[in-house]
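Colleague: Got a predicted structure here, sequence first:
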Amino acid sequence: MGRLSARPRAAGLLILFCAAALGLHASKPRVTLARDDASGRLTVLIGGREALVFQYGAELDLAHYWPMRSPGGRNMLIQKTEPYPHHRSFWFADTVRPAGGDRDVSFYNGLYSGVPTGSGGYGPPFRDRVRLASFPRLEAAKARAEIDAELVWESDGRAVLDEARRLVVHSLGGGEYLLDLTWTLTASGADVTFTSDDVHYAWPYLRLDPAYSGERGGRIVSDSGATGEKATNMKPALWIDYSNTVDGPTEGVAVFQWPDGREHRWLTREYGTFGPRRPDDLSGKPFTVGKGESITQRVGVLVHRGDVVTGRVRERYDKYVKGDWK
């Protein structure tokens, strides 16, 4: 009796041993990258499935991310929309005035600096644009990828700001992932004054597909427990989560503000846009970045299953701060 019962037990232990040996990669699928310069797309794949695409085609006024897939594979973002066609899915932009310049240069509204098309839109060439210059580093191994991008914020063909952007992708298993973004803008040629108000700049902004919006039942929640636009808009927060139940599953995206010792307010909209502000002394009032000086920030973007509670957003913010994604 003992020998007969020991065999299934031994077989079970063998299965568990194999699972332990292989389970890390099974639970956290491999991250790979696919670069296509002809179409201007860098695709991040997790377990062989598209997760995020960086759009950098020469025909664009603004390099941006789209689509961004939910754990179930649904695109969570809208690339272009009315009445705000300058909103670009998941993007960084601002309005500045270079020293000696005779006008404000709006990269936030760079779309409208292009050539009007017969369809009512705008096309290249764009007077003001943010373009990719190079990828100094593209590396992917196991459940992680690192993407370094050099971008130029240019007006009339001249560089106004140079941007160094670093994106680290962490596969978390179950289709979930964390995007860790750090960006640095440098006034390389001359002093640059930032002139935007406290709303019209993307640091970054995400524009959700309407299916996830608060107008269709989506829920905005901050780390303080505040919910909805009225309770979270222009209020300080460490993170904001936006989730909804769409075509069956509940899924969401949270943006994490890196704790830099400063208070950051957030813009939130029930129609589906949200993102952090800079600290108050650098938001909503002019400030100047001197020649050779830089401004930098860091955020995390968690794409998760479930809502803010079942998606363990608070716990994962703590992991993000600690760098604990092993």
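Modeller: It's in.
Colleague: show me where pLDDT drops low in the stretch 201-326 of the chain?
Modeller: Along the stretch 201-326 of the chain, the model assigns pLDDT under 70 to residues 326.
Colleague: the helices in it, which residues?
Modeller: Assigned by DSSP state H, counting those that start in this stretch, the helices in the stretch 201-326 of the chain fall at 228-232, 313-322.
Colleague: now these as TSV including distance to Trp258?
Modeller: Using the backbone N, CA and C atoms, a C-beta is placed for each residue, glycine as well. Output for the helices of the stretch 201-326 of the chain, formatted as TSV (distance: least, Cβ to Cβ, whole Å):
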stretch	distance to Trp258
helix 228-232	19
helix 313-322	8
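Colleague: Identify whichever of those lies nearest to Glu82.
Modeller: Among the helices of the stretch 201-326 of the chain, helix 228-232 comes nearest to Glu82, with 19.9 Å by Cβ to Cβ.
Colleague: So which residues make contact with stretch 108-126?
Modeller: 58-62, 85-86, 93-95, 106, 127-130, 196, 200-202 (Cβ atoms under 8 Å, 6 or more residues apart in numbering).
Colleague: circling back: in CSV, list the helices of the stretch 201-326 of the chain along with distance to Asp180 and mean neighbour count.
Modeller: Below are the helices of the stretch 201-326 of the chain laid out as CSV (distance: least, Cβ to Cβ, whole Å; neighbours: other Cβ atoms under 10 Å):
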stretch, distance to Asp180, mean neighbour count
helix 228-232, 23, 15
helix 313-322, 7, 16
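Colleague: Go through these and name the closest to Lys142.
Modeller: Checking the helices of the stretch 201-326 of the chain against Lys142 by Cβ to Cβ gives helix 313-322 as the closest, at 17.7 Å.
Colleague: In PDB, list the C-alpha atoms belonging to that closest one.
Modeller: Listed next in PDB are the C-alpha coordinates belonging to helix 313-322 (Å, rounded to 0.1, in the frame of the first residue of the first chain):
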ATOM      1  CA  VAL A 313      -2.500  48.400  -7.900                       C
ATOM      2  CA  ARG A 314      -1.500  49.700  -4.500                       C
ATOM      3  CA  GLU A 315       0.700  46.700  -3.900                       C
ATOM      4  CA  ARG A 316       2.300  47.000  -7.300                       C
ATOM      5  CA  TYR A 317       3.000  50.700  -6.800                       C
ATOM      6  CA  ASP A 318       5.100  49.600  -3.800                       C
ATOM      7  CA  LYS A 319       6.800  47.100  -6.000                       C
ATOM      8  CA  TYR A 320       7.500  49.700  -8.600                       C
ATOM      9  CA  VAL A 321       9.100  52.000  -6.000                       C
ATOM     10  CA  LYS A 322      11.200  49.200  -4.600                       C
END
